[in-house]
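Asker: got a sequence here, can you build the structure:
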Amino acid sequence: MQTFDQVELSQIWKKTCQKLRQELSPAVYNTWIVANPASQIVMTNPDSAQVTISSPTAFHSTNLKKNLHPTLVVALESVLQAKVEVEYQVGQRLKPVLGDQAQSQNLEPKDLNQENYFASNHSPRESFSPGQSPRAEDLFSQQTIQSTREDRIRAKAQSIGLKTDYIFESFAVSTSNEMAHAAAVAVSNNPATSYNPLFFYGGVGVGKTHLMHAIAHNILKRDFDVKIVYCTGEEFTNEIVQAIQTKRASNFKLKYRSAQVLLIDDIQFIAGKNAVQEEFFHTFNALIKQNSQVVLTSDRPPQEISLLESRLRSRFEAGLMVDIQQPSFELRTAILLVKSQAANLPIPIELAKIVASRVESARKIEGIITSIRSEVELKGKQITPELIEKILSLETKRARPGITASPGQVIRAVANHFKLKQSALRGTRRVKHIVFARHIAMYILKEELSLPLAEIGRWFSDRDHTSILYATRKISQEIRVNDQMFQDVSALRTTLALVG
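Answerer: Below you'll find the model as predicted:
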């Protein structure tokens, strides 16, 4: 065991206060943190610590523990790099540890007792004299109560692992995800009564995780005391393995089976892992039996998850399964405008449309916005069409999988995608749906394989190079506004990247 001396204690609490000031509003920080310093820290072992918080009154101690305990624990654990247990004491007459505000006033520990420390560290507008407690109307003002509640929710959301910006207010809704959004809102308003389990599936960057986090945020706003457990399928798997190795399976079961809301992202990760599927099966049954809400996400529907046990598949399918499609051009534009506004980046709508026409997922849009922000903030550049084009070119080269397929493999893949015979695709028939697929094949051969126009023409009944140029230009223009064409080309690129 190691007990920190006054100097070390002061330094640790100062760092903790710096973190807390960033997390809390000034009114809450001055009222509840400054007045209740850490008076002792003991390292019970290298990975855990016991922290004593001293308060001038039982009122302070009770409210601090009730309202800000998770926030304190997170901040202390970040500074100490250890698991922290906090003990609250009233009237402790140990020398208090100075926060950053007291130190900035050059006050020494010996100059302060519990009463004048409390008085000297409050903001001037509160005007507390030595030994005088704050007025009840100040502590119970609507502003303070609301700030404290928001800070509690924020701290708990952070401890659960939720992203602060993944809320319903920042989720752009369109035809491709309106059903998923409606189901998520319904579940967040009435957990375990609307749809249980709720199963979202779809490709990368369609908003599955965003909706899952938004559900949890909304539940916390309605009822702070709800026990929410969030993890990924990989984390769930790793926790089971660790529980078995350390012989703490009972702790694992207590954590997951006592949850009132269980959220697991990328549940497909547990497929093929027999022990993990066995444990999840029993956890799932226990939660449904006790009327707890379960929300799952996957990159594909249950029936397409290979090596997933049939008993799990049937339970997933018993709830509401929602397919979230890739966002449309209009939705991608809206997502970019919403996220850029949140990042304080004034992107004109015309430039937003250019980005939306070249990027297929919300996740890639976030990457584009991050790149724009770095150019603007770090290099002092203006948001211009030239800057957007430069960033898009770099992102496209970085993100797009390389295609090494042969021309014959491209034609076969396009024919299979559109359910056509290769002879029809390469022939001369001018039926609308065949021409559409043929033009896309020509476009891919030119853009991805960089074949000369004349060579592409030879693959399609010796067509003239001008016909190939017309076809590829037409697809290049329409792909920016035609969502179905955009998705078809994206799907073919992904398929061909695996073929080569």
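Asker: so what's the residue count around residue 254?
Answerer: 11 (other Cβ atoms under 10 Å). All C-beta spots, glycine's among them, are computed from the backbone N, C-alpha and C.
Asker: any chance you could map the helices in the stretch 201-350 of the chain?
Answerer: 208-222, 233-245, 249-257, 274-289, 310-317, 329-342, 349-358 (DSSP state H, counting those that start in this stretch).
Asker: reformat these as JSON lines; add mean pLDDT and distance to residue 466.
Answerer: Listed next are these as JSON lines, based on pLDDT from 0 to 100; distance: least, Cβ to Cβ, whole Å:
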{"stretch": "helix 208-222", "mean pLDDT": "94", "distance to residue 466": "45"}
{"stretch": "helix 233-245", "mean pLDDT": "91", "distance to residue 466": "52"}
{"stretch": "helix 249-257", "mean pLDDT": "92", "distance to residue 466": "64"}
{"stretch": "helix 274-289", "mean pLDDT": "94", "distance to residue 466": "58"}
{"stretch": "helix 310-317", "mean pLDDT": "94", "distance to residue 466": "53"}
{"stretch": "helix 329-342", "mean pLDDT": "86", "distance to residue 466": "29"}
{"stretch": "helix 349-358", "mean pLDDT": "88", "distance to residue 466": "26"}
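Asker: surely residue 155 meets residue 74?
Answerer: Yes. Counting by Cβ atoms under 8 Å, residue 155 touches residue 74, with 6.1 Å between them.
Asker: what about stretch 471-482, distance to the chain center?
Answerer: 33 Å (Cα atoms, centre = their mean, to the nearest Å).
Asker: what does stretch 32-41 give?
Answerer: 33 Å.
Asker: and if you look at stretch 164-178?
Answerer: Stretch 164-178 has its C-alpha centroid displaced from the chain centroid by 12 Å (Cα atoms, centre = their mean).
Asker: start the count at 898, not 1, going forward
Answerer: With the count now opening at 898, the last piece we talked about shows up as stretch 1061-1075.
Asker: which residues are contacting it?
Answerer: 1051, 1054-1055, 1078, 1081-1082, 1085, 1103-1104, 1106-1111, 1114-1115, 1221-1225, 1227-1228, 1231-1232, 1235-1236, 1239 (Cβ atoms under 8 Å, 6 or more residues apart in numbering).
Asker: circling back to that earlier point, neighbour count winner among residue 1052 and residue 971?
Answerer: Using other Cβ under 10 Å as the criterion, residue 1052 and residue 971 rank with residue 1052 on top: 21 against 18.
Asker: and that one, what helix or strand is that in?
Answerer: helix 1039-1057 (DSSP states H and E).
Asker: please pick the buried ones from the contacts of stretch 1061-1075.
Answerer: Buried by 16 or more other Cβ atoms under 10 Å: 1051, 1054, 1078, 1081-1082, 1085, 1103-1104, 1106-1111, 1114-1115, 1221-1225, 1227-1228, 1231-1232, 1235-1236, out of the contacts of stretch 1061-1075.
Asker: geometric centre of this structure: which residue is closest?
Answerer: In the chain, the residue lying closest to the centroid (Cα atoms, centre = their mean) is residue 1060, at 4.4 Å.
Asker: which pLDDT value belongs to that residue?
Answerer: At residue 1060, the model reports a pLDDT of 90.
Asker: swap in the one 4 residues further on?
Answerer: The predicted structure scores residue 1064 at 92 on the pLDDT scale.
Asker: verify the contact between the residue nearest to the centre of the chain and residue 1110 for me.
Answerer: Yes. If you go by Cβ under 8 Å, residue 1060 and residue 1110 touch, sitting 5.4 Å apart.
Asker: how many residues are close by residue 1355?
Answerer: 13.
Asker: which helix or strand contains it?
Answerer: Using DSSP H and E, the element containing residue 1355 is helix 1350-1356.
Asker: same thing with residue 908?
Answerer: Following DSSP H and E, one finds residue 908 within helix 903-920.
Asker: that helix packs against which elements?
Answerer: Using 3 or more Cβ pairs under 8 Å, 6 or more residues apart in numbering; DSSP states H and E, the elements in contact with helix 903-920 are strand 935-942, helix 955-977, helix 997-1001, helix 1039-1057.
Asker: would you turn those into JSON lines with mean pLDDT?
Answerer: Below are the helices and strands packed on helix 903-920 laid out as JSON lines (pLDDT from 0 to 100):
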{"stretch": "strand 935-942", "mean pLDDT": "88"}
{"stretch": "helix 955-977", "mean pLDDT": "85"}
{"stretch": "helix 997-1001", "mean pLDDT": "41"}
{"stretch": "helix 1039-1057", "mean pLDDT": "74"}
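Asker: any chance of those in TSV, with distance to residue 1317 too?
Answerer: Putting those into TSV (distance: least, Cβ to Cβ, whole Å) gives the following:
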stretch	distance to residue 1317
strand 935-942	68
helix 955-977	58
helix 997-1001	70
helix 1039-1057	49
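Asker: so which of these is nearest residue 925?
Answerer: Evaluated over the helices and strands packed on helix 903-920, closeness to residue 925 peaks at helix 1039-1057, with 4.8 Å, by Cβ to Cβ.
Asker: now the element after the closest one, going C-ward?
Answerer: Heading C-terminal from helix 1039-1057 (DSSP H and E), you reach helix 1075-1086.
Asker: and that following helix with helix 1226-1239, angle?
Answerer: 50 degrees (axes from the mean of the first three to the mean of the last three Cα atoms, to 10 degrees).
Asker: helix 1075-1086 - what's its average pLDDT?
Answerer: On average, helix 1075-1086 scores 94.
Asker: and stretch 1330-1348, by the same measure?
Answerer: Mean pLDDT, stretch 1330-1348: 92.
Asker: so which bits of that stretch are buried?
Answerer: Those buried within stretch 1330-1348 under the rule 16+ other Cβ under 10 Å are 1331, 1334-1346, 1348.
Asker: need the residues that contact it.
Answerer: Applying Cβ under 8 Å, 6+ apart, the contact partners of stretch 1330-1348 are 1300, 1302, 1304, 1307-1308, 1311-1312, 1314-1315, 1317, 1321-1324, 1350, 1353, 1356-1357, 1365, 1368-1369, 1371-1373, 1376, 1382, 1385-1386, 1389-1390, 1393.
Asker: send the alpha carbons of that stretch over as PDB?
Answerer: The C-alpha trace of stretch 1330-1348 is given here as PDB (Å, rounded to 0.1, in the frame of the first residue of the first chain):
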ATOM      1  CA  HIS A1330     -31.600  -2.700 -69.300                       C
ATOM      2  CA  ILE A1331     -28.900  -4.400 -71.400                       C
ATOM      3  CA  VAL A1332     -27.500  -1.000 -72.600                       C
ATOM      4  CA  PHE A1333     -27.400   0.200 -69.000                       C
ATOM      5  CA  ALA A1334     -25.400  -2.700 -67.800                       C
ATOM      6  CA  ARG A1335     -23.100  -2.600 -70.900                       C
ATOM      7  CA  HIS A1336     -22.300   1.100 -70.300                       C
ATOM      8  CA  ILE A1337     -21.400   0.300 -66.700                       C
ATOM      9  CA  ALA A1338     -19.100  -2.500 -67.800                       C
ATOM     10  CA  MET A1339     -17.400  -0.100 -70.200                       C
ATOM     11  CA  TYR A1340     -17.100   2.500 -67.500                       C
ATOM     12  CA  ILE A1341     -15.400   0.100 -65.100                       C
ATOM     13  CA  LEU A1342     -13.000  -1.200 -67.700                       C
ATOM     14  CA  LYS A1343     -11.900   2.400 -68.400                       C
ATOM     15  CA  GLU A1344     -11.800   3.800 -64.900                       C
ATOM     16  CA  GLU A1345     -10.600   0.800 -62.900                       C
ATOM     17  CA  LEU A1346      -8.500  -1.100 -65.400                       C
ATOM     18  CA  SER A1347      -7.500   2.000 -67.500                       C
ATOM     19  CA  LEU A1348      -8.000   0.100 -70.800                       C
END
